[in-house]
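K.L.:
Next comes the sequence, and after it the predicted model I'd like to discuss.
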Amino acid sequence: MEPEPTEPVPEAPEPTEPEPVPPATDPPAPEATPLECAARAPLAAAVGQIVLALAGQSEIAGITEPLTEGRLGGLVIIGDIDAGIGDLLAPFAGVWPPPLIAADEEGGLVQRLEVILGDQPSAREVGDTGDPAIAFEMGRTRAEGAAGLGVNLILAPVLDVGNSASLVSRTYGDDADTVIRFGWAYATGLMEGGTAAVVKHFPGHGSTHVDSHLELPVTLPLEELREMHLVPFAEAVARGIPAVMTSHLVVPGLTEEGRPVTLSPPAVALLRQDLGFDGVIMSDALNMAALAPLTVAEAGEAALIAGHDLLIAGFPDDSLATVDRLVEAVTGGRIDRARIDESLVRVLGLKDIDPCAVAW
């Protein structure tokens, strides 16, 4: 009998290697915060970013090296300026982080770039027109011209209410509503034209009777300032102004006995906590007679401790001395490094720079 056919036995499959098990990995590190990135900056570089020098056109060449090396954070142009300013500012175009190049462009009595960009009417003349659109267009045009020269920060508008010994025609009006309508229009024009804007002189110089360039003024008591003089600053903060300049003023009920706003933690707290401002708080020039008998460097240390972020430290030698003193104040334990880092984050933010994008 024939055997019955059987199904072929399938061949056994070739053995396969087991799938490799991926090695265990640590979870991704959390991204650093801006403050953590700021803390990576060398101390001298961090301090340098928050100090500005006053410089006339003839002095700019002499501080080009500290500015390009980052030993100073920028300059405030003063005095008579002509068309040669563009060449003097050109070396800063490639610096990273870029220095702040500031100019007072209020119009009227205070306008540094008048010879190059033309005359602007005073704030009071503009306010008297009744048309804030004029202020906006002035700001936009001025900023475009200033930015073309290398200026990136305009120390204006003035938000003081009323005239005082040092203001004269520098204010837009005698009531808070006029000041904020015209001041904010000018600030908006500046920012749309390509520069940052700084409102000044917090908490309001309009009720004083002496010039802080010459001596220390005293304002109305704080509760009276709240009724009118503080109002434009509160409104500018609410609308998103990036920087506020304080003034050398004694404010009864706010500052310590005989101590100006510039050096007063309660005055800075009024701006930070009561008004909710988290932008750059900038000092007025620290070489003004109102701060005597302090040296510029001593005033700079006290202003930083009070909570300021950006210091106009006076002429170049005084500014470099201020940097040295602030570095020593940190290493000596008088100022916490975190106080520097907070200000560095804000100052870099004014330049639209993420601290984590800077390779110190």
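P.N.:
Yes, it's here. Numbers count the residues shown, from 1 in each chain.

K.L.:
Check the model's average confidence along stretch 319-329 for me.
P.N.:
Here stretch 319-329 scores 98 as its mean pLDDT.

K.L.:
Which positions in it come out as buried?
P.N.:
Buried residues in stretch 319-329, counting neighbours by 16 or more other C-beta atoms under 10 Å, are found at Ser319, Leu320, Ala321, Thr322, Val323, Arg325, Leu326, Val327, Ala329. The way it works is simple: take the backbone N, C-alpha and C, and place the C-beta from them, glycine included.

K.L.:
so, if you compare those residues, which one comes nearest to Asp341?
P.N.:
Nearest to Asp341 out of the buried residues of stretch 319-329 is Leu326 (C-beta to C-beta; 12.8 Å).

K.L.:
The strand or helix carrying that closest one - contacts with which helices or strands?
P.N.:
Using DSSP states H and E, Leu326 falls within helix 316-331. Under the contact definition 3 or more C-beta pairs under 8 Å, 6 or more residues apart in numbering; DSSP states H and E, helix 316-331 sits against helix 43-48, strand 51-56, helix 296-306, helix 337-350.

K.L.:
gap between it and the chain center?
P.N.:
19 Å (C-alpha atoms, centre = their mean, to the nearest Å).

K.L.:
Give me the contact list for that helix.
P.N.:
43-44, 47-48, 51-55, 59, 62-63, 66, 71-72, 286-287, 295-298, 300-301, 304, 311, 313-314, 335-337, 340 (C-beta atoms under 8 Å, 6 or more residues apart in numbering).

K.L.:
Got a quick ChimeraX command for the buried subset of the residues you listed?
P.N.:
Buried members of the contacts of helix 316-331 can be picked out in ChimeraX with the line below, counting by 16+ other C-beta under 10 Å:
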select :47,48,51,52,53,54,55,59,63,66,71,72,286,287,295,296,297,298,300,301,304,311,313,314,335,340
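
K.L.:
Check the spacing between Ser169 and Ala196 real quick.
P.N.:
From Ser169 across to Ala196, the span is 24 Å (C-beta to C-beta, to the nearest Å).

K.L.:
okay, those two: which has more neighbours?
P.N.:
Per other C-beta atoms under 10 Å, whichever of Ser169 and Ala196 has more neighbours is Ala196, with 22 against 19.

K.L.:
pLDDT score assigned to the closest residue to Asp354 other than its chain neighbours?
P.N.:
In space, and not counting its chain neighbours, Asp354 is closest to Pro34: 6.9 Å by C-beta to C-beta, 6 or more residues apart in numbering. Confidence at Pro34, expressed as pLDDT, is 96.

K.L.:
Chain neighbours aside, what residue packs nearest to the most centrally placed residue in the chain?
P.N.:
Residue closest to the average C-alpha location in the chain (C-alpha atoms, centre = their mean): Val280, at 4.3 Å. Distance criterion C-beta to C-beta, 6+ apart; nearest residue to Val280, sequence neighbours excluded, is Ala243 at 4.1 Å.

K.L.:
mind listing what the one you found touches?
P.N.:
Ala243 neighbours (C-beta under 8 Å, 6+ apart): Leu153, Ala196, Ala197, Val198, Val199, Gly279, Val280, Ile281, Met282, Leu310, Leu350.

K.L.:
for Gly206, same thing?
P.N.:
Asp160, Val161, Gly162, Asn163, Ser164, Leu167, Thr171, His229.

K.L.:
Doesn't it belong to a helix?
P.N.:
No - counting by DSSP: H, G, I helix; E, B strand; the rest coil, one finds Gly206 to be coil, located in no helix.

K.L.:
Could you check how far it is from Leu275?
P.N.:
Taking C-beta to C-beta, one finds Gly206 at 18 Å from Leu275.

K.L.:
How many residues are close by Val95?
P.N.:
Other residues close to Val95 by other C-beta under 10 Å number 14.
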